[in-house]
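J.: pasting a predicted model and its sequence here:
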Amino acid sequence: MAMAALRREGRRFATPLLSSPIRSSLISHSQEQAPNGVRSISTQVVRNRMKSVKNIQKITKAMKMVAASKLRAIQTRAENSRGLWQPFTALLGDSPSVNVKKSVIVTVSSDKGLCGGINSTSVKISRILHKLSSGPEKETKYVILGEKAKAQLIRDSKDDISLSITELQKNPLNYSQVSVLADDILKNVEFDALRIVFNKFHSVVQFMPTVSTVLSPEIVEREAEAGGKLGELDSYEIEGAETKGEVLQNLAEFQFSCILFNGVLENACSEQGARMSAMDSSSRNAGDMLDRLTLTYNRTRQASITTELIEIISGASALEG
Amino acid sequence: MTLNLCVLTPNRIVWDSEVKEIILSTNSGQIGVLPNHAPIATAVDIGILRIRLNDQWVTMALMGGFARIGNNKITILVNDAEKSSDIDPEEAKQTLEIAEANLS
């Protein structure tokens, strides 16, 4: 009974395929039309895919390790620089919702990609700020640090960009470089309030977009007269031969360069952390893909073996029968 | 009543402890600060900061910045600071000669 059934099956399979078993085995190694009308992928193609996915997994794993080591190096520096802007806030207060005519938004972003969504969030926040601080008499300009934000903002706000700086991290970040940068920005851009947008590094998985505000000396004076935290500034006697205006100017410049330095360091930390988690999820995804491809490969291999066996058996039974 | 002194640079915290007295170099000369000093905010020139802890003076070189003194709490923010114990005189002399040669 079994032999009769096999014979019937063999006749069904034997007729569309070629009779010689050698040629059919050659053909099974390339794409072929299986008898049931289902296209089956050959093992060679699946093997190639598996090789490339495995390579990608290795690369993303390596990138994750590199990002982890870079993060460790830069994290201590970022934490040390955090103490720097606190005295300024203690002295001058923090007034993010101040009403000014000319505001400049400094967006800090990374140069390289593959770092998750941090650059998109920075750009989103910058655009929101731009909308909030634009109005009938007010104007807002962008200063962009980093290639990624430049690529995104140049598309729709090209006229509002006054300055863009890239390749910040070519040399290791240090304060003198950032202070020269701050000097440059202060010279070329007129502002009443500077808002620096960056991603603050809370932990390896958490990066909060943050806005730091630096006010120009005239606005500080105006707010000091209005009272509030800045009113306490007057309780400090100004030592030295300078007038209050000059001291405030120096203070504002120093404050800007300190805050910019801290912002750039924190953003670099966030970039490495985001890249770590992005590469980690990518490696995991590649592993899943590899598992699925292995199953497909085994199925294809078994299907081709079964087909060969059936041909042989049907050929043999045709000879006998 | 002791003063609390905090010297910060962008890269690290150089000093954070209680002191008896400091002598600070501002753009209008040197000022001495004792406990219960009036609150002042001043710019700091490139110069030497002297710190007294219990009759012992410690010196530090500061590269300019700001100082805020109030409520027995002194906060000095400078671009860079080096303790005198960390400075090697031979190396410093050589760097000075190189700098002077570059100037002239």
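T.: Received it, and whenever you're ready, just let me know what you need.
J.: so what's the spatially most central residue of chain B bridging to?
T.: Chain B has B:Leu49 as the residue nearest its centroid, 3.3 Å off, counting by Cα atoms, centre = their mean. In this entry, B:Leu49 is beta-bridged to B:Met60, by DSSP bridges.
J.: which residues outside stretch A:53-64 are in contact with it?
T.: A:114, A:275-276, A:279-280, A:282-283, A:286-287, A:289-290, A:293 (Cβ atoms under 8 Å, 6 or more residues apart in numbering or on different chains). Yep, even glycine has a C-beta here, placed from its N, CA and C like the rest.
J.: from A:Thr121, how far out is the residue nearest to the spatial centre of chain A?
T.: In chain A, the residue lying closest to the centroid (Cα atoms, centre = their mean) is A:Cys115, at 2.5 Å. Per Cβ to Cβ, to the nearest Å, A:Cys115 is found 11 Å from A:Thr121.
J.: report the mean per-residue pLDDT for the strand or helix carrying A:Asn55.
T.: For A:Asn55, the host element (DSSP states H and E) is helix A:43-92. Across helix A:43-92, pLDDT averages out at 89.
J.: and stretch B:62-71, by the same measure?
T.: Per-residue scores along stretch B:62-71 average to 84.
J.: residues from chain B in reach of chain A?
T.: Contact residues, chain B versus chain A (Cβ under 8 Å from any Cβ of the partner chain): B:8-13, B:26-28, B:31, B:38-43, B:65-66, B:68, B:70, B:75, B:77, B:79-80.
J.: now, of those, which are buried?
T.: Listed as buried from the residues of chain B next to chain A are B:8-11, B:26-27, B:31, B:40-43, B:65-66, B:68, B:70, B:75, B:77, B:79-80; burial here means 16 or more other Cβ atoms under 10 Å in any protein chain shown.
J.: shaky segments in chain A?
T.: A:1-41, A:93, A:224-235, A:237-242 (pLDDT under 70).
J.: ok, which stretches of it are helices?
T.: With DSSP state H as the criterion, chain A has helices at A:2-14, A:21-27, A:43-92, A:118-132, A:147-156, A:175-188, A:217-226, A:244-320.
J.: can you name the residues of the stretch 51-200 of chain A sitting close to chain B?
T.: Near chain B, when you scan the stretch 51-200 of chain A using Cβ under 8 Å from any Cβ, you find A:77, A:80-81, A:83-84, A:87-88, A:90-91, A:174-176, A:178-179.
J.: that older thread, mind putting the helices of chain A into JSON lines with mean neighbour count?
T.: Shown next, in JSON lines, are the helices of chain A (neighbours: other Cβ atoms under 10 Å in any protein chain shown):
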{"stretch": "helix A:2-14", "mean neighbour count": "13"}
{"stretch": "helix A:21-27", "mean neighbour count": "12"}
{"stretch": "helix A:43-92", "mean neighbour count": "16"}
{"stretch": "helix A:118-132", "mean neighbour count": "19"}
{"stretch": "helix A:147-156", "mean neighbour count": "17"}
{"stretch": "helix A:175-188", "mean neighbour count": "16"}
{"stretch": "helix A:217-226", "mean neighbour count": "17"}
{"stretch": "helix A:244-320", "mean neighbour count": "18"}
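J.: between those helices, which gets nearest to A:Gln169?
T.: helix A:244-320 (6.5 Å; Cβ to Cβ).
J.: and the angle for that closest one with helix A:175-188?
T.: 110 degrees (axes from the mean of the first three to the mean of the last three Cα atoms, to 10 degrees).
J.: just the angle between helix A:244-320 and helix A:217-226, please?
T.: Helix A:244-320 and helix A:217-226 are oriented at 110 degrees to each other (the same axes, to 10 degrees).
J.: run the chain-centre distance for helix A:244-320.
T.: 12 Å (Cα atoms, centre = their mean, to the nearest Å).
J.: would you agree B:Cys6 is in contact with B:Trp15?
T.: Yes: the pair B:Cys6 and B:Trp15 passes the contact test of Cβ atoms under 8 Å, sitting 6.9 Å apart.
J.: and the closest residue to B:Arg50 other than its chain neighbours, what does it touch?
T.: Spatial nearest neighbour of B:Arg50, excluding adjacent residues (Cβ to Cβ, 6 or more residues apart in numbering or on different chains): B:Ile23 at 4.2 Å. If a contact means Cβ under 8 Å, 6+ apart, then B:Ile23 has B:30-33, B:49-50 as its contacts.
J.: which of the helices or strands spans the closest residue in space to B:Ile46 that isn't next to it in sequence?
T.: Of all residues not flanking B:Ile46 in the chain, B:Gly64 sits nearest, at 4.7 Å (Cβ to Cβ, 6+ apart). Taking DSSP H and E as the definition, B:Gly64 sits inside strand B:56-70.
J.: show me what the next helix or strand after that strand is packed against.
T.: The C-terminal neighbour of strand B:56-70 among helices and strands, as given by DSSP H and E, is strand B:73-78. Strand B:73-78 sits against helix A:43-92, strand B:3-8, strand B:40-53, strand B:56-70, with contacts defined as 3 or more Cβ pairs under 8 Å, 6 or more residues apart in numbering or on different chains; DSSP states H and E.
J.: all set, thanks.
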